[in-house]
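>>> Turn this into a structure:
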Amino acid sequence: MGSELLDKGLTFYDVKTLIHIGAHEAQEVWIYDQYDIQKIYLVEPLPRCIKIIKDKISTKPKYKLYDCALGSRDEKTDIYIADGEDSGSSSLLEPRDSKITFSNKIQINVKKFISLGIDEVDAAVIDTQGFEIEVLKGFEDKLASLKFAIVEFANYEGYKKQPKYKDLNRFMKSKGFVVVDQIKRINQPIPTINAGSFGDALYVNKNLLNMRQIFLGNFNYYYRNNIIYDLLLFYKKKLKIFIKNMLKLS
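Numbers count the residues shown, from 1 in each chain. Just a heads-up that it's a prediction; the model follows:
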């Protein structure tokens, strides 16, 4: 995650507490260090990543690590571990065949957010490889106290039974959140099972928005998330690359 969506979220609310779910190797710590956020909770279940995170935050008291995954219920279950440099693609959902390989799986603890004993958080960053809606369900009544959330999405089913972006948006709207911005990457303009568009969406509690902002958020979601829009963006990028290569040859 870059800082663009966090910066945009901070225009709606001054965050004092934040939780990052699916922290991986805590690559965002250097970003969070630039903000006046008083408490940051990191959640990560993979033992190798937990060790890396502990080393990174050992001298940073505003961080607290939870060595578990989050979901819609408290349980023990398996996580599929992606190999090598793709370890950030590890998921509680069973992966489909792709270029990424998953040689191992281990049993981990999964907890609901409300089971962590955190009184309240202002913002959440959720990057859990298709498990985002289950994570959000685990907030239960405390979801309404979030000011904004940056949530990973995809419009294809890279993992078995993975909800798509439209499912995420429907769930968030039902909980009183509006998507106001997104960062999207397209590897296949017409979605297939293993490819399509993916990225991060900024959802803001509608209580912080006026009617115009709510309308624009809903309009932009439908305008920027359809096959025609993805086709235009995809081939515009291809054209730029083609022209750049031709200029190099001339």
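>>> from here on, contacts and neighbour counts on C-alpha atoms
OK.
>>> I figured residue 96 was touching residue 159, is that so?
Yes - if you go by C-alpha atoms under 8 Å, residue 96 and residue 159 touch, sitting 5.2 Å apart.
>>> Which one's more surrounded, those two?
When neighbours are counted by other C-alpha atoms under 10 Å, residue 96 and residue 159 differ, and residue 159 comes out ahead with 20 against 16.
>>> unless I'm mixing things up, that one is touching residue 131, no?
No - using C-alpha under 8 Å, residue 159 is not in contact with residue 131, being 9.5 Å away.
>>> Now for those two: what residues contact both?
Shared between the contact lists of residue 159 and residue 131 (criterion: C-alpha atoms under 8 Å, 6 or more residues apart in numbering) are residues residue 93.
>>> what sits in contact with each of residue 96 and residue 159?
With the criterion set as C-alpha under 8 Å, 6+ apart, the contacts of residue 96 and residue 159 do not overlap.
>>> I figured residue 150 was touching residue 203, is that so?
Yes - if you go by C-alpha under 8 Å, residue 150 and residue 203 touch, sitting 6.2 Å apart.
>>> Pick out whichever of those two has more residues nearby.
Higher neighbour count among residue 150 and residue 203: residue 203, with 27 against 23, using other C-alpha under 10 Å.
>>> what about the residue nearest to residue 112 when sequence neighbours are not counted, neighbour count?
With C-alpha to C-alpha, 6 or more residues apart in numbering as the criterion, residue 112 has its nearest non-adjacent residue at 4.4 Å, and that residue is residue 138. Using other C-alpha under 10 Å, the number of residues around residue 138 comes to 20.
>>> List the contacts of residue 138.
70, 71, 72, 73, 111, 112, 113, 114.
>>> now with 6 Å?
Neighbouring residues of residue 138 by C-alpha atoms under 6 Å, 6 or more residues apart in numbering: 71, 72, 112, 113.
>>> likewise residue 165?
Residue 165 neighbours (C-alpha under 6 Å, 6+ apart): 153, 154, 155.
>>> ok so, going back, state the distance from the residue nearest to residue 112 to residue 245.
49 Å (C-alpha to C-alpha, to the nearest Å).
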